[in-house]
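# predicted coordinates and the sequence they were generated for:
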Amino acid sequence: MDRRPLKVLTDTHTLVWALSDPGRLSTKARKALAESEVTASVVNLWELCLKAEKPGSLIHNPADWWQKYVTANGLPSLSVRVPHVLRLGTLPDLHKDPFDRILVAQAMVEKLSLVTKDSTLSGYGVEVIW
């Protein structure tokens, strides 16, 4: 039986915690990230940039953080493409966070599991790992 590695997409919190503070991840999430082909999304960077100056932001200098942890480590970055946006337009209104919704659409189109603490996202039919 051909067993290909799991391919996963990270939500923004998971990406930050995995690269900066892995102790915040669940055991299952850490294992999935260690044993899978991991992809970040430009959506993660977009969210970090828009929230950088807000109280409680995850990262205060997203450009430097992205370069140090994502780019320098060779982690693939998934761009937002037309099929992702078209899929986004078909999603039911189960979740209000626009960043999570486009990540769900990307995961669906690219056939990736989504590593996230937000179990609500499994309601879209995408595999959620936490």
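Looks like it arrived, so ask away.
# okay, now Gly125: neighbour count?
Residues near Gly125, counting by other C-beta atoms under 10 Å, number 12. All C-beta spots, glycine's among them, are computed from the backbone N, C-alpha and C.
# list the residues that contact it.
Met108 (C-beta atoms under 8 Å, 6 or more residues apart in numbering).
# same question, Val115
Val8, Leu9, Thr10, Asp11, Thr14, Ala18, Ala29, Ala32, Leu33, Val128, Ile129, Trp130.
# so in terms of bridging, what pairs with Leu114?
Leu9, Val128 (DSSP bridges).
# that one contacts Leu103, correct?
Yes. Leu114 is within contact range of Leu103, at 6.4 Å (criterion: C-beta atoms under 8 Å).
# of the two, who's got more company?
Set Leu114 next to Leu103 and count neighbours by other C-beta under 10 Å: Leu103 wins out with 30 against 24.
# how close does the more buried one get to Ala32?
For Leu103, the distance to Ala32 equals 16 Å [C-beta to C-beta, to the nearest Å].
# please apply the same query to Thr120.
Distance, Thr120 to Ala32, using C-beta to C-beta: 19 Å.
# can I get the contacts of Val115 in CSV with neighbour count, distance to Ser79 and pLDDT?
Listed next are those as CSV, based on neighbours: other C-beta atoms under 10 Å; distance: C-beta to C-beta, whole Å; pLDDT from 0 to 100:
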residue, neighbour count, distance to Ser79, pLDDT
Val8, 22, 17, 97
Leu9, 26, 12, 97
Thr10, 27, 15, 97
Asp11, 26, 17, 96
Thr14, 28, 19, 96
Ala18, 22, 20, 94
Ala29, 21, 24, 97
Ala32, 21, 23, 95
Leu33, 21, 21, 95
Val128, 20, 22, 97
Ile129, 20, 23, 97
Trp130, 18, 25, 96
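# sorry, back to before: identify the contacts common to Leu114 and Leu103.
Between them, Leu114 and Leu103 share the contacting residues Leu9, Asp11, Leu121, judged by C-beta under 8 Å, 6+ apart.
# ok, those vs Pro83, which is closest?
Nearest to Pro83 among the shared contacts of Leu114 and Leu103: Leu9, at 14.4 Å, using C-beta to C-beta.
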